[in-house]
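Participant: coords please:
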Amino acid sequence: MSSHISSAPHASDTPHVIDPAGGCPHALNARLRAQGAVAEVVLPGAVPGAVVLGHDALKEFLAHPDVAKDARHFPSLHDGTIPADWPLRVFANAQGMHTADDADHRRLRSLVGKAFTARQVERLRPRVEELTAGLLDDLGRAAAGSPDGVADLYAHFALPLPMNVICELLGVDPAHRGRLHHLTNTVIIATDITPAEKMAALQELVALIGTIAAARRETPGEDLTSGLIAAREDDGDRLSEAELIGTMRLMLVAGHETTLNLITNAVRALCAHRDQLALVLEGKAGWSDVVDETLRWDGPVSWFPFRYPTRDLTVGGTVIPQGTPVLAGYTAAGRDEAFHGPDADRFDITRPTAARHLSFGHGAHYCMGAPLARLEATIALERLFTRFPDLDLAVPEAELPHQRSFISNNLQSLPVRLVRQ
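Facilitator: You can find the predicted model right below:
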């Protein structure tokens, strides 16, 4: 593989060894992107792979007919080359629409898609507004009860809002929600833990989702899980038990982790760019502009696994060999100067290209939850800064603790003051 990848103009002869601890991705993205639109990488476990970093290259790759999501196109996973306890198997081995292709993908997507149409999502607006108001009360109480007037916006607002929305959609008992976040974060987000820790969390997560599905099977409701079960029982080959569990896992993770990241990254951006916040508060720009520019400038997902070329494929001038596990470099594409201009590193909510980001994907696997994420984020940001216009970070940006992940782009906490000092 290395001879192909390194043949790109200006490419480094040495593949980038991914740090499992992750961290802020932007300096690394800029360094790799300067060498080419595609970079050779070494995944944790010494597994060779690639990452697509350029906007145009990524857009082409995501929609390419000769790129698959099904891990049967990843030979090293099955021939004994990669050990059975490889932590990133959790992405390759999952069963659901995010790892399916063609007819299987369309079948699974059709079962879920009805819940995420623009019309269906708009029906959730009153509930999202109600949850937002209650959580802002909680945030205010947490700050008032703190000796230094500081509250964790991550824990009191950005996390519970999307978590409660997706769990209500899926019919998940409130008692399970805290554990679900911990487990999904461990299984999907954390990339610096041991294989044993990853496997134990995965087994517990699968069992917990099975428990949730069993409860909905026994007492069906109007929720999405009940609908998926009913679709399966109406036509037994439409949704296997593994596909049901995999689809629910995908909904739970994608339905809260990414929106959590979007809200926290937008708050950080606005606190660091008060001029941009002023534009919105003065009505010179909209909250949807903030959402799109955040998705471009500091997207929720950094490098996401996996896609596999089904033949040797030239992308951005580089040949990616058949069967290579490829990461989608969303945060890298968002700051690609070749597409977004020489000031791509600047946060600018009036940027003409902001809405053309790829943070929700592109092509057949475009995120069907995009309308819900936009609804939640615009309501959350508008209500937060309308109520607390002087909200600011309680610690310098450089001291904020990043998640230990090269997949997710977020923090571990976001301490804020609701009143500027």
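
Participant: and the nearest residue to residue 155 once chain neighbours are set aside, what does it touch?
Facilitator: Excluding its sequence neighbours, the residue lying closest to residue 155 (CB to CB, 6 or more residues apart in numbering) is residue 413, at 6.7 Å. C-beta: built from backbone N, CA, C; applies to glycine. Going by CB atoms under 8 Å, 6 or more residues apart in numbering, residue 413 touches 152, 154, 155, 400, 401.

Participant: so how far is residue 165 from residue 413?
Facilitator: For residue 413, the distance to residue 165 equals 21 Å [CB to CB, to the nearest Å].

Participant: and what of residue 406?
Facilitator: Residue 406 is 27 Å from residue 165, by CB to CB.

Participant: Same question for residue 391.
Facilitator: Distance, residue 391 to residue 165, using CB to CB: 22 Å.

Participant: Most neighbours among the contacts of residue 413, which one is it?
Facilitator: Ranked by neighbour count (other CB atoms under 10 Å), the contacts of residue 413 have residue 154 at the top, with 22 neighbours.

Participant: For residue 159, see how far away the closest residue to it other than its chain neighbours is.
Facilitator: Distances taken as CB to CB, 6+ apart put residue 414 closest to residue 154, at 4.3 Å, once the chain neighbours are dropped. Distance of residue 414 to residue 159, computed by CB to CB: 10 Å.

Participant: Distance check, the residue nearest to residue 154 against residue 180.
Facilitator: 21 Å.

Participant: Looking at those two, which has the bigger crowd around it?
Facilitator: Set residue 414 next to residue 180 and count neighbours by other CB under 10 Å: residue 414 wins out with 26 against 22.

Participant: which ones are touching that one?
Facilitator: With contact taken as CB under 8 Å, 6+ apart, residue 414 is in contact with 152, 153, 154, 158, 264, 267, 268, 393, 400.

Participant: okay if I get those as TSV plus secondary structure?
Facilitator: Listed next are the contacts of residue 414 as TSV, based on DSSP: H, G, I helix; E, B strand; the rest coil:
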residue	secondary structure
152	strand
153	helix
154	helix
158	helix
264	helix
267	helix
268	helix
393	strand
400	coil
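
Participant: residue ranges with poor pLDDT in the stretch 101-250 of the chain?
Facilitator: Applying pLDDT under 70 to the stretch 101-250 of the chain picks out residues 232-238.

Participant: Please, where are all the strands along it?
Facilitator: Applying DSSP state E, counting those that start in this stretch to the stretch 101-250 of the chain gives strands spanning 150-152.

Participant: what about the helices in it?
Facilitator: For the stretch 101-250 of the chain, helices defined by DSSP state H, counting those that start in this stretch occupy the ranges 102-113, 118-122, 125-144, 153, 160-170, 177-184, 195-218, 224-234, 241-272.

Participant: for those, which one ends up most surrounded?
Facilitator: helix 153 (a mean of 28; mean count of other CB atoms under 10 Å).

Participant: ok so, going back, and the helices of the stretch 101-250 of the chain as JSON lines, adding distance to residue 291?
Facilitator: Below are the helices of the stretch 101-250 of the chain laid out as JSON lines (distance: least, CB to CB, whole Å):
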{"stretch": "helix 102-113", "distance to residue 291": "22"}
{"stretch": "helix 118-122", "distance to residue 291": "14"}
{"stretch": "helix 125-144", "distance to residue 291": "14"}
{"stretch": "helix 153", "distance to residue 291": "17"}
{"stretch": "helix 160-170", "distance to residue 291": "13"}
{"stretch": "helix 177-184", "distance to residue 291": "22"}
{"stretch": "helix 195-218", "distance to residue 291": "29"}
{"stretch": "helix 224-234", "distance to residue 291": "24"}
{"stretch": "helix 241-272", "distance to residue 291": "7"}
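
Participant: how much space is there between the residue nearest to residue 172 when sequence neighbours are not counted and residue 297?
Facilitator: Spatial nearest neighbour of residue 172, excluding adjacent residues (CB to CB, 6+ apart): residue 212 at 5.5 Å. Between residue 212 and residue 297 the computed distance is 36 Å (CB to CB).

Participant: buried residues in stretch 87-94?
Facilitator: Using 16 or more other CB atoms under 10 Å as the test for burial, stretch 87-94 gives 87, 88, 89, 90, 91, 92, 94.

Participant: how long is stretch 14-27 end to end?
Facilitator: 18 Å (CA to CA, to the nearest Å).

Participant: Would it be right to say that residue 305 lies in a strand?
Facilitator: Yes: counting by three-state DSSP, residue 305 falls inside a strand.

Participant: so it sits right up against residue 92, yeah?
Facilitator: Yes: using CB atoms under 8 Å, residue 305 makes contact with residue 92 at a distance of 7.5 Å.

Participant: Report the secondary structure state of residue 419.
Facilitator: Once three-state DSSP is applied, residue 419 turns out coil.
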